[in-house]
Every structure is written in structure tokens, then in C-alpha cells.
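A.B. asks: Predicted model and sequence follow; I will ask about them next.
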Amino acid sequence: MVKLGNKLVCAALLSSYCFNNQEAFSQNKSRSEDLPNVLCIVCEDISPYLGCYGDVNARTPNLDRLAESSVRYTNMHTTVGVSSPSRFALITGMYPSSCGANFMRTMGNSEKYMPEGIRPYEVVTPPEVKCYSEFMRRAGYYCVNGPKTDYQFKAPESAWDECGGDGVHWKNRPEGKPFFAIFNLGVTHESQLWERADKPLAVNPDSLSVPEYLPDTPTVRRDLAIMYSNIYEMDCQVGSLIEEVKEAGLLDNTIIIWYSDNGGPIPRGKREIYISGTRVPFMLRYPDGYRAGDVEDRLCMFVDIPATIMSLVGLKPPKYMHGKPFAGKFEKKERKVVYAARDRMDACTDKQAAVFDGRYHLIHNYMPEKPDFLDNEYQNNLPTIGEMKRLYSEGKLKPAQAKWFTSPRPDIELYDILSDPYELENLAGQEKYADIQARLDKEYRKWMRKYNSAWFIPEIESFRSFYPDGIQRTTANPEIEVRKHFVKISSATEGASIVYRIKGVEKGKCPETWHLYSGPLHLPDGSILEAKAVRIGFRDSETVSKEI
């Protein structure tokens, strides 16, 4: 058993040589076996709608049991209340607002939602930035992700041993190799509120409590019941994933982390900068039972998660990461505040940024002429949205419900979450709260100066900086140098990573997995090496082959 809780982390004994040299590390089987496995289970679009978080509407037996053996975090926050920018933070440890990655979204089926002059594009990160899973691979982990990435860039081959759809699993790893696995569960995604509307309900709509900011109508209750039913289905899937680890006899050597990618799918949740859109549930289970059942109220952010996972297995996070570990060998002191920002959401654009200290929430509105509600084509599929729009036009919404549609908004908003959890009473400008507002505004401006000089740049300018002359840059082809069967591979592109695979003597035999290159290789006669260079936001290089 790996004594993570008591910080007797065997993995921390790894030398810097082994961390930087995959070949040397992988040859030392005993050290590899000392590393704990890491299983991350990520659901979509839920706020803390769980029994273990006090939600009486929820049926979540598996997650409630997980909470009993985990540290349950009550103040985990996304950097933005929507998936793609959040997932950028989750894979890089960087604020998406600092890198031109805060728009929803830049790739995939997004062209019809983009401003004029922009087509779907990949965000280009600074050259030193990697998917943090690449550091896990260097340390000896077999890394898998399935099925969703949605990082604002195509996942480079250097990031994962396996990534994608069916069949991706930690069970495919070589014998004795530790795994780092992320499974993304989509059943709670916003879209499933209408796509699963005909499924049997796991909860009774009439038994639910309705938040003050939603009208209490049969339509709203029906959507809430579907949401909680989807959460119940997700809970069952979580139970199955944990059971697989248990059946394999690995539970006592596996860190389990569970969280949602952003706030819930109902109005004032997903896409919002209010706490209802940014606060998410997060649980961390140590394999030795450390802090089992504890509740942790410290402020944490998504940018902290990559650094924390590295810290938990004894790896020092890279200095470029904006996030800081909140657990593990390299744990840092607690944050004073957390931050969030909102930009384009599909075809609709708003400009908001916020700072939160655990009680008081300060929001800056840079487009105050707009309401909080963005008339988003995708979101409009939800029956509750149509219901609320109709009731608003008829003047039948209560003030707490109509606030979402009201414009103009104040330039600055300030809320006391303790006394006003739904953020309905704006305290900004009141003399009683002047010192609090000034203190938070100082923290906000420090964050803006340090990290967000690019945040006010129009998206089309970001696009042009990523794609000079409208053309995506291509990673330079790898150069292969052979000296007495030792092979060195490099690329002229700054920040490029190299992946390779080897064809054996038997003609046509070629493993599908690209291995991460991190040091010279020793290959036997007759081997055929294939290599390519990759960089986040760039096109991959050509695949280069060389017979040894």
C-alpha cells in the first residue's frame, strides 16, 4: 500500500534522472510498481446535486459511499461555467482567459457560432505548456482518457497511451505498469435533459424542491426530475467503474478522484459566472483511508487539479502552471480567493470576470447592457428555458426569477453567499461593504495584471496570432540520429514533443500506440523506427521512418 495520507510517498523517492528518462524509468519495475494508480471519474454539468452534499432530491448511493471514504471538497470552482474552457484548465493547469482559450468553443461543430472572419481553430499554448498527462507518462504511467477531450485543441499523441472511444481502458496496460485513467461520463450533460426525456424517471417530480430562482411549474419540475434521474444513472456508472478497480484487487493502491466539469444544466447553472455555475462537487479518495469522510472547505480551482494530481504521486508540478497543489507532497498553502471569467458562449457573447473569497463574490460586468441570460440556440432546447421566456414576457415571473432576464445590469455586483446563496441582493456600492468590495477588487486587479493581459483582446486577434495568415502552423519533422544503435530524436519546433513506435523484424508488425520519447533509445538491428513531432495547437509533423 502506498502511504499517501501520511506523506510517506514511495513515488517521491524517484530520482530526477528517472523522471526525465522514460527508458531508464520503465526498466526499473520495482519503482514503477511503487507508484499508486490514479482513477479520475468526470461527470458533466452538475452542481453539488448529491445526497452527500445535502441535496435531499438526489439519489446517489454510490457517490455517497465514495464520500464516506474520501475527502469531500465544498469549495471547488471552475474557471468558467462551461466545458471546453474548463477542460482546457483541467488538462494544462492554466487559466483559459490567459491563453485565448476562454471562448465556447473553438473547435468541432462551432463554425456557425463564430464571429465573422473566424473558422474553427485550435488554441496554441506557450511552448513550455504540455498536457499534464505527458508528465505522468514520463514518470512511468500508462495514461488513458475516454471518450471526451474537448480541450480547445486536438489532444496530441504525446498526451495519452490511449484516447478516444470504445475499448479505451486501463486494463490494456502492460503488466506491472501503474495507470492514470480519466473516464468522462456524459449522461448528465445538459443535452440529456431533452434527449433522455422519454426515459423512466428515478425521482418523482412532485416530491422535488424547486430553487427560488426557478418558477414552480410542471415543466420545470419535469426537467428537474430528468436531471436528477440522469444523476442517478451517472451514479450507477461511477459504481461500476469503482467496482472494476476493486475486482482487479487494486483498490488499496488506487487514488480515486471524482468531479463535474462545470455547474448544473438548469438556468443560472452552466455558462454562468454566479457560484451556481462555477462551484462543483469534488471528492478525493486516498488508498490508505487517509482523511476518510472529512469535509474540506478550502478554496480550490480547476487550474489546481493537474498540479495536485502530480503532487499526489510525488511529481513536482512544472513552474509554468498557474494552479497550485492543494494536496500531496508539494501541497501549497490555501488560496485566498478563486477567479472566473465568461466570454463568448456559442453565438452569444458576454464579458464578465469575478473573484470569490469563500463568502463574498465580486463580479465585473463589461457588457452591462446585456442580461445574464444569453439567448443560446443550444440551451433553448430545454423546455424550462421556453417556459421561463414565456412567463417573463407575460410578466409572471417573481423578481428572483426575472432577474436573469433583466438588463441593464450594474457594472459591479457584490454578494454575500452566506446570507444570500442565490446571489439576488447586490451589495456593491453600499458603504457597509465598501472595505470588502475594495479588498476583493484589489485581488481581482492583481489577477488581471498577472495573468489576463490577453483577455481583452478580441477573439479574431487571438485567432490571427494562433494562425498567422489564417494558416495553422505545422510541427517540424523529427530528425533521427543513430549512433551505435542508440537513437536520438529531435524537432526544430520550440516546445515540440516527440512520439515514436517501432516495427519489429517481422514485416508489417507495428504497434498502434505511440510511445512518448524522453531520451535516447537503444534498438536492435532490423528495427524500423517511426517518429513524429507534435505541439499543442499545431498540425502534427509528417511521420518519419528510419531502419536501424
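C.D. replies: Received the coordinates, thanks. Numbers count the residues shown, from 1 in each chain.

A.B. asks: For the rest of this, base every contact and every neighbour count on C-alpha atoms.
C.D. replies: Will do.

A.B. asks: Low-confidence ranges, the chain, go.
C.D. replies: The chain contains residues with pLDDT under 70 at 1-33, 504-512.

A.B. asks: Report the residue ranges of every domain in it.
C.D. replies: Domain assignment of the chain by automatic domain parsing yields the ranges 10-335, 341-459, 473-547.

A.B. asks: so how far is the longest one off the chain centroid?
C.D. replies: Read it as domain 10-335. 6 Å (C-alpha atoms, centre = their mean, to the nearest Å).

A.B. asks: just so I know, which of the domains of the chain lies nearest Phe466?
C.D. replies: domain 10-335 (5.7 Å; C-alpha to C-alpha).

A.B. asks: Now do the SS call for Leu529.
C.D. replies: strand (DSSP: H, G, I helix; E, B strand; the rest coil).

A.B. asks: picking that back up, could the domains of the chain go into CSV alongside distance to Tyr467?
C.D. replies: CSV is the format used below for the domains of the chain (distance: least, C-alpha to C-alpha, whole Å):
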stretch, distance to Tyr467
domain 10-335, 8
domain 341-459, 12
domain 473-547, 7
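
A.B. asks: Please work out which of the ones you listed is packed deepest.
C.D. replies: Among the domains of the chain, the stretch with the highest mean neighbour count (mean count of other C-alpha atoms under 10 Å) is domain 10-335, at a mean of 20.

A.B. asks: Verify the stated contact: Pro317 with Ala307.
C.D. replies: Yes. With contact defined as C-alpha atoms under 8 Å, Pro317 and Ala307 form a contacting pair (5.2 Å).

A.B. asks: what residues are up against Leu414?
C.D. replies: Tyr360, His361, Leu362, Ile363, Asn426, Leu427, Ala428, Gln437 (C-alpha atoms under 8 Å, 6 or more residues apart in numbering).

A.B. asks: Now, these that are in helices?
C.D. replies: Within those, residues falling in helices by DSSP state H are Gln437.

A.B. asks: Next one: the residue lying closest to Leu418 once chain neighbours are set aside from Arg344, what distance?
C.D. replies: Among residues not flanking Leu418 along the chain, Arg359 sits closest, at 6.0 Å (C-alpha to C-alpha, 6 or more residues apart in numbering). Distance of Arg359 to Arg344, given as C-alpha to C-alpha, to the nearest Å: 27 Å.

A.B. asks: thought Ile231 was touching Thr188?
C.D. replies: Yes. Ile231 is in contact with Thr188 according to C-alpha under 8 Å; the separation is 5.8 Å.

A.B. asks: helices or strands up against the lengthiest helix in the chain?
C.D. replies: In the chain, with assignment by DSSP H, the single longest helix is helix 218-247. Contacts defined by 3 or more C-alpha pairs under 8 Å, 6 or more residues apart in numbering; DSSP states H and E place helix 218-247 against helix 61-68, helix 192-195, helix 383-393.

A.B. asks: if you set the cut-off to 6 Å instead, what comes out?
C.D. replies: Packed against helix 218-247 by the contact rule (3 or more C-alpha pairs under 6 Å, 6 or more residues apart in numbering; DSSP states H and E) you find no helix or strand.

A.B. asks: end-to-end on stretch 199-210?
C.D. replies: With C-alpha to C-alpha, one end of stretch 199-210 sits 21 Å from the other.

A.B. asks: repeat for stretch 525-541
C.D. replies: 26 Å.

A.B. asks: From His77, how far out is Val337?
C.D. replies: Note on Val337: its distance to His77, by C-alpha to C-alpha, is 10 Å.

A.B. asks: Trp447 - that's part of a strand, no?
C.D. replies: No. Assigned with three-state DSSP, Trp447 falls outside any strand and is helix.

A.B. asks: how close does it get to Asp469?
C.D. replies: For Trp447 relative to Asp469 (C-alpha to C-alpha), the value is 32 Å.

A.B. asks: now do Val129
C.D. replies: For Val129, the distance to Asp469 - C-alpha to C-alpha - is 24 Å.

A.B. asks: Run through the helices of the stretch 401-548 of the chain in chain order.
C.D. replies: 434-451, 459-466 (DSSP state H, counting those that start in this stretch).

A.B. asks: From the contact counts, what lies against the longest one?
C.D. replies: Using 3+ C-alpha pairs under 6 Å, 6+ apart as the contact test, no helix or strand touches helix 434-451.

A.B. asks: Just list the residues touching the residue nearest to Leu418, thanks.
C.D. replies: By C-alpha atoms under 6 Å, 6 or more residues apart in numbering, the contact list for Arg359 reads Asp416, Ile417, Leu418.

A.B. asks: Skipping adjacent residues, who's closest to the first one in space?
C.D. replies: Spelled out, it's Asp416. Tyr360 (4.7 Å).

A.B. asks: Quickly note the distance from the one you found to Val295.
C.D. replies: Taken as C-alpha to C-alpha, the span from Tyr360 to Val295 is 21 Å.

A.B. asks: now Thr219
C.D. replies: 35 Å.

A.B. asks: ok, now Arg65?
C.D. replies: 14 Å.

A.B. asks: Also Glu425?
C.D. replies: For Glu425 relative to Val295 (C-alpha to C-alpha), the value is 29 Å.

A.B. asks: following the longest helix of the chain, which helix or strand comes up?
C.D. replies: strand 254-260 (DSSP states H and E).

A.B. asks: Contacts for that next one, please.
C.D. replies: Against strand 254-260 from outside (C-alpha under 6 Å, 6+ apart): 36-44, 46, 280-287.

A.B. asks: Cross the residues you listed against helices and list the overlap.
C.D. replies: Using DSSP H, none of the contacts of strand 254-260 sit in helices.

A.B. asks: Select from the residues you listed every entry located in strands.
C.D. replies: 37-43, 280-285 (DSSP state E).

A.B. asks: out of the residues you listed, who's nearest Met227?
C.D. replies: Cys43 (12.8 Å).

A.B. asks: ok, now which ones touch that closest one?
C.D. replies: Asn184, Leu185, Ser260.

A.B. asks: Distance to Pro178 added to the residues you listed, as CSV?
C.D. replies: Output for the contacts of Cys43, formatted as CSV (distance: C-alpha to C-alpha, whole Å):
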residue, distance to Pro178
Asn184, 20
Leu185, 22
Ser260, 24
